[in-house]
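Visitor: Provided below for reference: sequence and predicted model.
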Amino acid sequence: MKKCALVTGGSRGIGKAICIKLAKNLQYHILINYQSNKEAALETQRMIENQGGSAEILAFNVADLEETQQVLNQWKEANNEAVVDVIVNNAGITRDGLFMWMQPNDWKSVIDTSLNGFYNVTNFFIQDMLRNKYGRIINMVSVSGVKGTPGQTNYSAAKGALVAATKALAQEVAKRKVTVNAVAPGFIKTDMTAALDERELIKIIPANRFGEAEEVADLVAFLASDKSGYITGEIININGGIYS
């Protein structure tokens, strides 16, 4: 039976690092979800395969329930000997701006991707995990979802809701050996933070630097492993000491 890990938003940044780490450290077949950047997804696949791992790409918008179900059903029918043991809900977008000027779609699109995306993907697989009596669900949240960030009321709301959902779902499924945890990164070097003033921001980071995507991936890989079986419902911060 082929054991798989699905990483949403897995083509770039933290998601890419997670895909590579899960393949290398835990030998999972990786399902790399992406929405539009096929070349980046294929590059992640190539990097995994070059290290001796296996992966495939799946294009769907996690915010679209119908599309998500259609693609995952097709994959499931074509891979009836495969089982998804690990879900990393990493897909997320930002539409930053002050709340008083925030447009309805800037609110809705951020909520749809992070929060509804979690529902659309996780709900699809949760019954299989419960039947198999094994699963690792890891939700990528943010320091914004734990302490709130001005200019990111929409993103903070989406990730904060995901924090609460993590704690609730963990209690529902723990008896079936399915764990649900969240990882809350601070400032990590990715495309998403490339435009930020790093020299200015490190003044508020006790570790005096931005984190690396690989450091986040190491934590996710631990939570996805058998070693973390007694950890569930936790929100683990990885932010260089920023208060959260």
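Guide: Cool, the structure landed. Residues are numbered from 1 along each chain as shown.
Visitor: Spell out the residue ranges of the strands in this structure.
Guide: 2-7, 29-34, 55-59, 82-89, 135-140, 178-185, 235-238 (DSSP state E).
Visitor: Could you provide these in CSV, with additional columns for mean pLDDT, distance to Asp106 and mean neighbour count?
Guide: In this view, the C-beta of every residue, glycine as well, is placed from N, C-alpha and C. CSV is the format used below for the strands of the chain (pLDDT from 0 to 100; distance: least, C-beta to C-beta, whole Å; neighbours: other C-beta atoms under 10 Å):
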stretch, mean pLDDT, distance to Asp106, mean neighbour count
strand 2-7, 97, 26, 23
strand 29-34, 98, 22, 26
strand 55-59, 98, 24, 18
strand 82-89, 98, 21, 24
strand 135-140, 98, 20, 25
strand 178-185, 98, 22, 24
strand 235-238, 97, 25, 18
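Visitor: Out of those, which gets nearest to Asn120?
Guide: Between Asn120 and the strands of the chain, the shortest separation by C-beta to C-beta is 9.6 Å, and it involves strand 82-89.
Visitor: Quick one: low-confidence residue ranges for this protein.
Guide: Scanning the chain for pLDDT under 70 picks out 192, 194, 244.
Visitor: Work out which residue lies at the spatial centre of it.
Guide: Asn90 (1.9 Å; C-alpha atoms, centre = their mean).
Visitor: mind checking the backbone torsions on that one?
Guide: Backbone torsions of Asn90, given as degrees, to the nearest 10, read phi -100, psi -20.
Visitor: was I right about it contacting Val141?
Guide: No - counting by C-beta atoms under 8 Å, no contact exists between Asn90 and Val141, whose distance comes to 10.2 Å.
Visitor: Enumerate every residue touching Leu201.
Guide: Phe187, Phe210 (C-beta atoms under 8 Å, 6 or more residues apart in numbering).
Visitor: Now do it against Thr149, distance only.
Guide: Counting by C-beta to C-beta, to the nearest Å, the gap from Leu201 to Thr149 is 12 Å.
Visitor: ok, Phe60 touching Gln35?
Guide: Yes - Phe60 is within contact range of Gln35, at 7.2 Å (criterion: C-beta under 8 Å).
Visitor: who's in contact with the nearest residue to Val143 once chain neighbours are set aside?
Guide: Among residues not flanking Val143 along the chain, Gly186 sits closest, at 4.6 Å (C-beta to C-beta, 6 or more residues apart in numbering). For Gly186, the contacting residues are Val143, Ile205, Gly211, Asn237, Ile238, Asn239, Gly240, Ile242, Ser244, by C-beta under 8 Å, 6+ apart.
Visitor: tally of neighbours for the first one?
Guide: If I follow you right, that is Val143. As a burial measure, Val143 scores 21 neighbours (other C-beta atoms under 10 Å).
Visitor: where's it relative to Gly240, distance?
Guide: Val143 is 10 Å from Gly240, by C-beta to C-beta.
Visitor: next one: Glu49
Guide: 33 Å.
Visitor: ok, the two, which is more surrounded?
Guide: Gly240 (20 against 13).
Visitor: Just want the phi and psi numbers for the more buried one.
Guide: When read as degrees, to the nearest 10, the backbone of Gly240 gives phi 70, psi 20.
Visitor: what is the orientation angle of the helix of greatest length in the chain with strand 135-140?
Guide: For the chain, the helix that runs over the most residues, judged by DSSP state H, is helix 153-173. Taking axes from the mean of the first three to the mean of the last three C-alpha atoms, to 10 degrees, helix 153-173 and strand 135-140 form an angle of 160 degrees between their directions.
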